[in-house]
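*Asks:* Next input, structure requested:
(2 chains)
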2 protein chains.
Amino acid sequence: MSERRIVLGLDYGTKTARALLVDPKSGDEIATAVAEYPHGVLESQLPDGTRLEADTALQNPRDYLTVLQQIVPEVLNAGGVQSEEVIGIGVDFTASSVLPTLKDGSPLCTLPEFSSNPYAWVKLWKDHAALPEAQDMTELAERRGETFLSYYGGRLFPEWMFPKTLRMLRMAPEVYTAADRLIEAGDWLVWQLCGEEKRSACQAGYKGLWSKSDGFPSEDYLGALHPEFATFAKEKLPSDIYPVGSRAGGLRESWARKIGLSPGIPIAVAMIDAHAAVLGSTVAETGKMVLALGTSTCHLVMHEKKILAGGIAGIVEDGIVPGLVAYESGQSAVGDIFAWFTKNQLPAHYHETAKQTGQDVFSYLQSLAAQIPSGQTGLLALDWWNGNRSTLMDASLSGLIMGLTLATRPEDIYRALIEATAFGTNAIIDNHTEQGIPVNELYACGGLSERNQLLLQIYADVTGRRLNVAASSQAAALGSAICGAVAAGPEMGGHATFSDATRAMARVKDKVYSPDPSAHAIFKRLYAEYLQLYETFGRGALDTMKRLREIRREAGS
Amino acid sequence: MSERRIVLGLDYGTKTARALLVDPKSGDEIATAVAEYPHGVLESQLPDGTRLEADTALQNPRDYLTVLQQIVPEVLNAGGVQSEEVIGIGVDFTASSVLPTLKDGSPLCTLPEFSSNPYAWVKLWKDHAALPEAQDMTELAERRGETFLSYYGGRLFPEWMFPKTLRMLRMAPEVYTAADRLIEAGDWLVWQLCGEEKRSACQAGYKGLWSKSDGFPSEDYLGALHPEFATFAKEKLPSDIYPVGSRAGGLRESWARKIGLSPGIPIAVAMIDAHAAVLGSTVAETGKMVLALGTSTCHLVMHEKKILAGGIAGIVEDGIVPGLVAYESGQSAVGDIFAWFTKNQLPAHYHETAKQTGQDVFSYLQSLAAQIPSGQTGLLALDWWNGNRSTLMDASLSGLIMGLTLATRPEDIYRALIEATAFGTNAIIDNHTEQGIPVNELYACGGLSERNQLLLQIYADVTGRRLNVAASSQAAALGSAICGAVAAGPEMGGHATFSDATRAMARVKDKVYSPDPSAHAIFKRLYAEYLQLYETFGRGALDTMKRLREIRREAGS
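*Replies:* Predicted structure coming up:
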């Protein structure tokens, strides 16, 4: 038998799933394999042609198993890894991606009587159809003074499990009644693999209105939303929820055969993808904020105490590491703003010059914007192209740019947009520190941290904090592998704690971005201006952005 | 001798001069000829290589005569017009474009001892080097409570004759001392042609701090700026100023020979180009505001009474038509904003599709933006890309756009920019009507009125006013021809009054833009939002724009 021990991280994103094999001692990434979901994201119709309502985004749960049978054998083969060398498996998943199942875990959409009912499929995280339900739930919770509201910054989102399920009950009561279980897709996948329905505190805490101290919302509250909803948590959700890193069970014989692994390998309870990336960025302690920089940005930081801080989207005990409270904030568009800009605002000759000089257009723009000293664009923007998630939790806000003159160039605007997202992150940091949650250092991971050095330096300069970058380009999958190593435990060649596991397995790049004092001084002045606009347009002094939406809606009707 | 009577309009712009022959009875435009100034605009150096300070823009006065000898023979030839058929000449000119001369009218820059001194050349209207002088003059006038300040909205501009001359006195006292005269280039040209120094109330009133009731500023005030400046008006400017349409004199023998016309033809006193365009747009009465729509917009309206209204850049008796007070406002960038947008913000495929469909890019953008119903962009902009001339007179303000989302398209922004310039014009109209100066109907002339139907309709919809468009594409030159016809008088085949002359000679297009009531209702709501931003950022509640400039300046030093 081989001496080598390997852990497997499974990372289920929006369009693809990824498998990563990691050495739990050295952290060496042995091999990776990726596959797209055969049905992708269903936004306009089901495979049988059934039309979907607006703002819907569904997935086929069978796809998760199909790709699993593809990527695991492929990654083992690519890494030259023997089945008996794999000692643990971790899973991260998008959330809240929810599906209704029978008691045995069969998804309702796989039953002939429900296969044409959209509510029987996986409601993907970005499905926003439950907006009215989220509003109703928020208003009722406010009126009743429900404590749980304070764990979520005072507002529920249509992306979460409860609003999605309430909508199911309202729109498709037959599906609701037939469902023995409503479950996160990540928890469901773990259930499939090990035969145990063991749900994760990470998903339940951030997306399922559950907390370690209070459990789920009361029957009273739920019943006031809809009589049949009263018993939702009691009947369709289990009350035992497990901290991240817990062992959910061992790999079932049937699945072991299908994917070429040994039966009985420990499987960790699931984790939300962005939260797994925290571990993959080396962070398992307090005071270090991880920025998962992608199309949007997720900000996660841990603290010993549970402080019901305002303007924070999720406050969850054991949410990332057992024993610590994890705080989540977010910016709803970051990379998306830059992509919008290059698609909609960039003259031809920028694309041409980039091509001629063998760069992609973002690299070329970066090189131009990097030549502009801090404070020299004359511009200031509010980074609200997709609303403001944190700290204002207001999707009706919109983007603003000012300081425009006839001499303003595209690279000035590009730089101002990067600066605006840095100011937005700084507002989130301030919101933590002002309420007693320290943020000492920053850790970046995700797509933008791989390819935008200018952005990283600006973030350091604006925040006045050292910024480290995850060495792994697949920090979420690495975080899952870390969970697998902790679930396996030291006796099997894994690790006893997240601290041990992250220390051994995760790394940051040598290059650390340190704030430049003179740039920081200039940005402090610009940030004061940003904050003034933030307050003015974000907290009601000037409700122009909301009224522009109203005017558009009413003029269009 | 021929029965036909023809008048000649000469229009001196920034880069070119134009000659237009018009039938004073029918208004038919017989022929036109255009020529560029040989030396163009001198912005970095004199022809001999002398370097120029920043914000300088000079011209060579000889160029005005050179092109005259080219365009007049050319237009006579093109129109098949005999010299004896021409009965009157009018001249319009950019202003304040000022030059120092000897008593006989010789420009100082033509004397060898001054040819290398930039202050001896024509300071073109857009020369902004006298900014400190304009500020000093404004502050002193404020402190002393000088009445004349209220004719100019409370602020003097560096473009005007007095600040330019004060700067000459400070920087090049030898030129100031040698100058017997400081004179507008338009008045100087008339002087050359007829041998009489007869200055126009239009130029003196708008750009020369002169008013019919008060004359020039006092020696006391001028002397407090600089001891030698006390006698400036008394010694270097004549006290007799003539209303527009007055006959300055007859064409001198020498010039008649040079340009192929008969000696003695009546020549009208000069007029500012935008003001001449009012006449060329059929307007010689009260209540009709003319918008000269070009790179910037000039707004002119007349009223019986002299009302010292705030936020109006110039209030001049007899400024356009004798017996009426003419009020001038302006937006410092309009067409310039659209040009900036297409150069800096428009992706390649817009240019490509325009080309493929045989349109220029503005026409293509118009066709896309015209498909967007009013109020449906979700955007709102402040049109201050080059500051705000009226009603705020603040060059330190800058452009703003808000309501941006990931779904915002270039054509949405283009439409929002047009709407913003319409809102800016509406704020100017409101400023008149609120202070008792009626604006009943709009008349558009200038480049944008020729080629942007969408803009014209939006202006009608936003302002809720009928908008007429000058039939002539050369409204300023036509206005000059009208002056020539009035100077000639009815006995020679011209006209007795401006009313008669404009009625006979100027026309509007058949197509009148009428406000659409439902669009107007939507724009009223958007305009209320615009006004709130206008007040907030324009009048000190949020001085963000000024501070962005400060930060840029201080960070750059």
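*Asks:* so does stretch A:39-50 get close to chain B?
*Replies:* No: Stretch A:39-50 is not in contact with chain B by C-beta under 8 Å from any C-beta of the partner chain; minimum separation 15.3 Å. The way it works is simple: take the backbone N, C-alpha and C, and place the C-beta from them, glycine included.
*Asks:* Give me the distance from that stretch to the chain's centre.
*Replies:* In terms of C-alpha atoms, centre = their mean, to the nearest Å, the centre of stretch A:39-50 is found 24 Å from the chain centre.
*Asks:* Just the CA coordinates for stretch A:373-392, please, in PDB.
*Replies:* Provided in PDB are the C-alpha atoms of stretch A:373-392 (Å, rounded to 0.1, in the frame of the first residue of the first chain):
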ATOM      1  CA  PRO A 373      -1.000  58.700 -10.200                       C
ATOM      2  CA  SER A 374      -3.500  58.400  -7.300                       C
ATOM      3  CA  GLY A 375      -6.000  61.200  -7.200                       C
ATOM      4  CA  GLN A 376      -5.300  62.400 -10.800                       C
ATOM      5  CA  THR A 377      -8.300  61.100 -12.700                       C
ATOM      6  CA  GLY A 378     -10.500  63.900 -11.100                       C
ATOM      7  CA  LEU A 379     -13.300  61.300 -11.000                       C
ATOM      8  CA  LEU A 380     -15.300  59.700  -8.300                       C
ATOM      9  CA  ALA A 381     -17.700  56.800  -8.700                       C
ATOM     10  CA  LEU A 382     -20.300  54.900  -6.600                       C
ATOM     11  CA  ASP A 383     -19.800  51.200  -7.400                       C
ATOM     12  CA  TRP A 384     -23.500  50.400  -7.300                       C
ATOM     13  CA  TRP A 385     -24.000  49.000 -10.900                       C
ATOM     14  CA  ASN A 386     -25.900  46.100  -9.400                       C
ATOM     15  CA  GLY A 387     -27.100  47.800  -6.200                       C
ATOM     16  CA  ASN A 388     -25.400  47.800  -2.900                       C
ATOM     17  CA  ARG A 389     -25.300  44.600  -1.000                       C
ATOM     18  CA  SER A 390     -23.200  45.800   2.000                       C
ATOM     19  CA  THR A 391     -23.500  47.800   4.000                       C
ATOM     20  CA  LEU A 392     -26.800  49.200   2.700                       C
END
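*Asks:* is any part of it close to chain B?
*Replies:* Yes: remark: stretch A:373-392 sits within contact range of chain B at A:Pro373, A:Ser374, A:Gly375, A:Gln376, A:Thr377, A:Gly378, A:Leu379, A:Leu380, A:Leu382, A:Trp385, A:Asn386, by C-beta under 8 Å from any C-beta.
*Asks:* And for the second one, the neighbour number?
*Replies:* I take that to be A:Ser374. 21 (other C-beta atoms under 10 Å in any protein chain shown).
*Asks:* in terms of contact, does it touch A:Arg525 like I think?
*Replies:* No: taking contacts as C-beta atoms under 8 Å, A:Ser374 lies outside contact range of A:Arg525: 10.1 Å.
*Asks:* filter the residues of stretch A:373-392 next to chain B to the buried ones?
*Replies:* By neighbour count, with 16 or more other C-beta atoms under 10 Å in any protein chain shown, the residues of stretch A:373-392 next to chain B hold A:Ser374, A:Gly375, A:Gln376, A:Thr377, A:Gly378, A:Leu379, A:Leu380, A:Leu382, A:Trp385, A:Asn386 as buried.
*Asks:* Now the two most distant members of those residues.
*Replies:* Based on C-beta to C-beta, the longest span within these runs between A:Gln376 and A:Asn386 and measures 27.6 Å.
*Asks:* sec struct for the residue of chain A most remote from its centre, please.
*Replies:* Outermost residue of chain A with respect to the C-alpha centroid, by C-alpha atoms, centre = their mean, is A:Leu406; its distance is 39.6 Å. Here A:Leu406 is coil, with the state taken from DSSP: H, G, I helix; E, B strand; the rest coil.
*Asks:* wait, what's in contact with it?
*Replies:* Going by C-beta atoms under 8 Å, 6 or more residues apart in numbering or on different chains, A:Leu406 touches B:Ala333, B:Asp336, B:Ile337, B:Trp340, B:Trp385, B:Asn386.
*Asks:* tell me the contacts of the closest residue to chain B within the stretch 151-300 of chain A?
*Replies:* Nearest residue of the stretch 151-300 of chain A to chain B (C-beta to the nearest C-beta) works out as A:Thr295 at 9.7 Å. By C-beta under 8 Å, 6+ apart, A:Thr295 lies in contact with A:Ala333, A:Val334, A:Gly335, A:Asp336, A:Ala339, A:Gly447.
*Asks:* again, only using 7 Å
*Replies:* A:Thr295 sits next to A:Val334, A:Gly335, A:Asp336 when contact means C-beta atoms under 7 Å, 6 or more residues apart in numbering or on different chains.
*Asks:* Alongside chain B, which residues does the stretch 351-500 of chain A contribute?
*Replies:* Residues of the stretch 351-500 of chain A lying close to chain B (C-beta under 7 Å from any C-beta of the partner chain) are A:351, A:373-376, A:378, A:380, A:385-386, A:398-406, A:408-410.
*Asks:* quick one: A:Gly186 and A:Val98 touch, right?
*Replies:* No: the criterion here is C-beta atoms under 7 Å, and A:Gly186 misses it with A:Val98 at 10.3 Å.
*Asks:* related to what we said a few turns ago, for A:Ala420, see how far away the residue farthest from the centre of chain A is.
*Replies:* Distance, A:Leu406 to A:Ala420, using C-beta to C-beta, to the nearest Å: 22 Å.
*Asks:* again, but for A:Leu225
*Replies:* Counting by C-beta to C-beta, the gap from A:Leu225 to A:Ala420 is 38 Å.
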